[in-house]
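>>> Could you work out the structure for the sequence below:
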Amino acid sequence: MLLDQLPTGQRAEIAAIDWSVLPSDEGKRLRALGVDEGASVSIRHRGIFFGRDPIALSIGRMTVAIRRAHARAITLREPKFGAEAAE
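Reported below is the predicted structural model:
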């Protein structure tokens, strides 16, 4: 599932990011904000404009606004809980 398809409030883990589709300066900014593989994220809310931009992304204790185009470059997996996380 891509990040822009994640239902609001549901938590997921970033599995991969296609950095090649993002301008390098924007990729650096996202990494500096903690948007990288393995990070746990959820969508707090979506914008009201056409295309529902921007997306308010909760990552750690921060809320970061990202463009929908950036969210389409991020692939998710469901987070591991309990004993599965220790493996």
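
>>> need the helices for this structure, in chain order.
Here the chain has its helices, by DSSP state H, at 24-32, 68-71, 82-86.

>>> Residue 13 is nearest to which of the ones you listed?
Nearest of the helices of the chain to residue 13, taken as Cβ to Cβ: helix 82-86 at 10.2 Å. No exception for glycine: its C-beta is placed from N, CA and C like everyone else's.

>>> what number of residues lie near the residue lying closest to residue 57 once chain neighbours are set aside?
Of all residues not flanking residue 57 in the chain, residue 64 sits nearest, at 4.9 Å (Cβ to Cβ, 6 or more residues apart in numbering). Neighbours of residue 64 under the rule other Cβ atoms under 10 Å: 18.

>>> Quick one: residues contacting residue 64.
Residue 64 makes contact with 33, 35, 56, 57, according to Cβ atoms under 8 Å, 6 or more residues apart in numbering.

>>> So which of those residues is the closest to residue 14?
For the contacts of residue 64, the nearest to residue 14 is residue 35 (7.1 Å; Cβ to Cβ).

>>> distance of the residue nearest to that closest one when sequence neighbours are not counted from residue 42?
Of all residues not flanking residue 35 in the chain, residue 59 sits nearest, at 6.3 Å (Cβ to Cβ, 6+ apart). Per Cβ to Cβ, to the nearest Å, residue 59 is found 8 Å from residue 42.

>>> Where do the strands of this protein begin and end?
Applying DSSP state E to the chain gives strands spanning 11-17, 40-46, 55-59, 62-66, 74-77.

>>> so how far is the second one from its chain's centroid?
Same thing as strand 40-46. Here strand 40-46 is found 7 Å from its chain centre; the criterion is Cα atoms, centre = their mean, to the nearest Å.

>>> what's the answer for the last one, then?
Strand 74-77 has its C-alpha centroid displaced from the chain centroid by 7 Å (Cα atoms, centre = their mean).

>>> Equivalent analysis for the third one, please.
Average the C-alpha atoms of strand 55-59, do the same for its chain, and the two points are 7 Å apart (Cα atoms, centre = their mean).

>>> Run through who's touching that strand.
Residues outside strand 55-59 that contact it (Cβ under 8 Å, 6+ apart): 3-4, 33-35, 39-47, 63-68, 71.
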